[in-house]
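quick one: sequence plus predicted model below, questions after.
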Amino acid sequence: MCGIIGYIGKENSIKHLIEGLRALEYRGYDSAGIAYFDENNSLHSVKAAGRLANVEAKLADKPVSHCGIGHTRWATHGAPSDVNSHPHGTASLRIVHNGIVENYASIREELTGLGYTFESDTDTEVAAKLLDYYYKEEKLTAHAAIERMTSRLVGSWALGILFADTPNVIWCARKGSPLIIGVGEDENFIASDITAILKRTRNYYQLDEGEIAKVTRDTVTVWQGEKTVEKPLLTADWDIEAAERGGFAHFMIKEINEEPSAIRTTLGCRIKNGLPDFASDAFDVGIFKKVTRVHIVACGTAMHAGLIAKGAFASLAKLPCEVEIASEFRYNDPLIGEGDLVIIISQSGETADSLAALRLSKEKGAATLAIVNVIGSSIAREADSVIYTMAGPEIAVASTKAYSVQTALMYLLVIGAAMTRGKLDADSARSKVTELYERAPEAVAEMIARENEIGSHCKWLAEAEDLFYIGRGADYHLACEGSLKLKEISYIHSEAYAAGELKHGTISLITEGVPVIALCTVPSLCEKMVSNIRETTARGAKALIICSHDAEIADDTASHIIRLPKIASELAFLPAVTVLQLIAYHTAAARGCDIDKPRNLAKSVTVE
Ligand code: M6R
């Protein structure tokens, strides 16, 4: 949700804090700030509402510092403003915080009674002043004061802390929000994720739930309660190019362009002798013989990827599969237990609702599997098994390549499930795997090569106030993803509708000139889709059809038709989603939107 960075070392920390915050801006970008020790070991804060550039402008006198912490914010408590920006603190300390302190109101009241005053509306300032109380008034050590303060908080946090009287130390703590400690040469970092420090180091420690750490220029000490913990030093296999725009106008379009290679990388290491093989993930597909039902739980785009997998579980593996929105899952008394497999799909592996759904599923006795992109993330670590997608870092808030690899990987998994359940023979499985691994990335690349043609359809879409996506079966699930993508980056209101359901009410919204994007990749549903499209054009809709290469659709059915390349129809979702992503991208670009940083959103949603 928010991004945290900290630097301590031989170089000027300000440069590294700003660079780190720039890399983390995708996590939140409504305000930013830093706290640092100057050359005389005095502690300063500089913070501002709006983009990071506003903080940089306030640092025009280029202070020299070797230790500091920084924060880029996605507001929860208190509107984005200078005063609500992090760091918060007192003369004795500064903190930056990612997460939510749920019981901040009662603690604020208590501290007010003790004489503390508050200038911001944030929950974080309450945590800072509570820490000040234990450190200054109760005179606890830094470690004990942090321990005591966090023991009082209800909620989630990743914290970076500076104490004014120890200018050579950064403290940090974690519960429920991710935090890593980067280990460099003569310098160390704290960061919300590895992309913030990749320019300096790929070696890091992952802070675990409840841990507190003390970081100096050349030491890292981690405690769980009173005990120090030996942590394994991890090495990220992402390189810095993967986390940079590399000549593309936006991360989103760069990431769409990475889809073919991301699909191949994700699948390649899980195919042996032309068949699915998850041995390197230590995942036994034999589980699909034992389970009676699969539940896929996820949020947003990851949930839409689950919907595609649900269709494949039914048609190929003949295994019932439910897809549930993670934020609803817990509150719907889910009937799960032994015999169920819960699959959590998540790019970040840190989505709070998905993590909570995972924990509940484990509590209820279900087996759990995580399909996650970020190695070592909370969901990856807590699930019984994990299969990593290998998309590389996804920086744009609008998720694109993550969906492509999630759906491709799930499809491979379903082929494995179908085989183990005796529903698919080896030859049929092999030809499906070949089509998935060889042909699907090519088909995606062919659509990317047609970016200009697809973009040319977007000028009229960009003028729309409302827009509808329709489809049947897998195409309806694609429609959901296309609509979400358009909404989040172009701010055009749009709805995804099951095409057959339109006439049960919603068709009343179709008036002259309303754009309807119709997905038509399922051959058996094509005729019915054409009827549904005609129902809308008869009422004035302007239709754009995305269909399979040989769909029997007359040219006069719609104003625009985009035909996909030749590919097995059950895999058409892969090139089709690329088209939908390109439509969202070019429509948002035509409207002049800030594509990689859409309003009100953040990449990683670590609060419920
Ligand atoms: O990191 P996750 O995959 O768990 O994130 C889930 C959603 O927050 C995410 O897919 C969101 O819907 C995207 N911004 C959509 O583009």
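Received it, and whenever you're ready, just let me know what you need.

please make it C-alpha for all contacts and neighbour counts, starting now.
OK.

what helix or strand is residue 35 on?
Assigned by DSSP states H and E, residue 35 belongs to strand 31-37.

SS state for the residue of the stretch 101-250 of the chain found nearest the ligand?
Of the residues in the stretch 101-250 of the chain, the one nearest the ligand is residue 178, at a distance of 12.4 Å by Cα to the nearest ligand atom. Three-state call for residue 178 (DSSP: H, G, I helix; E, B strand; the rest coil): coil.

need the contact list for it.
158, 192, 193, 207, 350, 377, 378 (Cα atoms under 8 Å, 6 or more residues apart in numbering).

contacting residues for the second one?
For residue 192, the contacting residues are 3, 4, 5, 24, 158, 178, 179, 180, by Cα under 8 Å, 6+ apart.

so residue 567 sits in a strand?
No: Residue 567: not assigned to a strand; according to three-state DSSP it is coil.

now do the same contact list for it.
Contact partners of residue 567, counting by Cα under 8 Å, 6+ apart, are 435, 439, 440, 443.

and the contacts of residue 192, which is closest to residue 126?
Taking Cα to Cα as the measure, residue 126 lies nearest residue 158 of the contacts of residue 192, at 14.8 Å.

partners of the closest one in the sheet?
residue 98, residue 174 (DSSP bridges).

also residue 372?
Beta-bridge partners, per DSSP bridges, of residue 372: residue 346, residue 388.

so how far is the ligand from it?
8 Å (Cα to the nearest ligand atom, to the nearest Å).

pretty sure that residue sits against residue 347.
Yes: shown here, residue 372 and residue 347 form a contact pair, counting by Cα atoms under 8 Å, at 5.3 Å.

higher neighbour count, the two?
Between residue 372 and residue 347, counting by other Cα atoms under 10 Å, residue 347 is the more crowded of the two (30 against 27).

the more buried one reaches residue 375, doesn't it?
No: using Cα under 8 Å, residue 347 is not in contact with residue 375, being 10.0 Å away.

what are the ranges of the helices in the stretch 501-608 of the chain?
Along the stretch 501-608 of the chain, the segments classed as helices by DSSP state H, counting those that start in this stretch run 526-537, 573-590.

between these, which one is closest to the ligand.
Comparison of the helices of the stretch 501-608 of the chain against the ligand by Cα to the nearest ligand atom identifies helix 573-590 as nearest, at 9.7 Å.

report the distance from that closest one to the chain centre.
Put simply, helix 573-590 sits 18 Å off its chain's centre (Cα atoms, centre = their mean, to the nearest Å).

is there proximity between that helix and the ligand?
No: against the ligand, helix 573-590 shows no contacts by Cα under 6 Å from any ligand atom, the least distance being 9.7 Å.

for the record, mean pLDDT for that helix?
With pLDDT averaged residue by residue, helix 573-590 scores 98.

can you name the residues in contact with that helix?
Helix 573-590 is contacted from outside by 252-253, 256, 400, 404, 407-408, 440, 443-444, 447-448, 451, 454-455, 457-459, 461-462, 474-475, 478, 481-482, 485-486, 489-491, 521, 546, 564-565, 594-595, using Cα under 8 Å, 6+ apart.

kindly write the PyMOL command that selects the buried subset of these.
To isolate the buried members of those in PyMOL, using 16 or more other Cα atoms under 10 Å:
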select buried, resi 252+253+256+400+404+407+408+440+443+444+447+448+451+454+455+457+458+459+461+462+474+475+478+481+482+485+486+489+490+491+521+546+564+565+595
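
so which of the contacts of helix 573-590 also contact the ligand?
Of the residues in the contacts of helix 573-590, proximity to the ligand by Cα under 6 Å from any ligand atom holds for residue 485.

contact partners for the nearest residue to residue 72 once chain neighbours are set aside?
Once flanking residues are discounted, residue 72 sits nearest to residue 32: 4.3 Å by Cα to Cα, 6 or more residues apart in numbering. Neighbour list for residue 32: 47-52, 55, 70-73, 85-86 [criterion: Cα under 8 Å, 6+ apart].

now, which of the contacts of residue 178 lie within helices?
residue 378 (DSSP state H).

want to throw the contacts of residue 178 into CSV with distance to the ligand and pLDDT?
Shown next, in CSV, are those (distance: Cα to the nearest ligand atom, whole Å; pLDDT from 0 to 100):
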residue, distance to the ligand, pLDDT
158, 17, 95
192, 14, 94
193, 13, 89
207, 19, 95
350, 6, 91
377, 10, 88
378, 11, 90
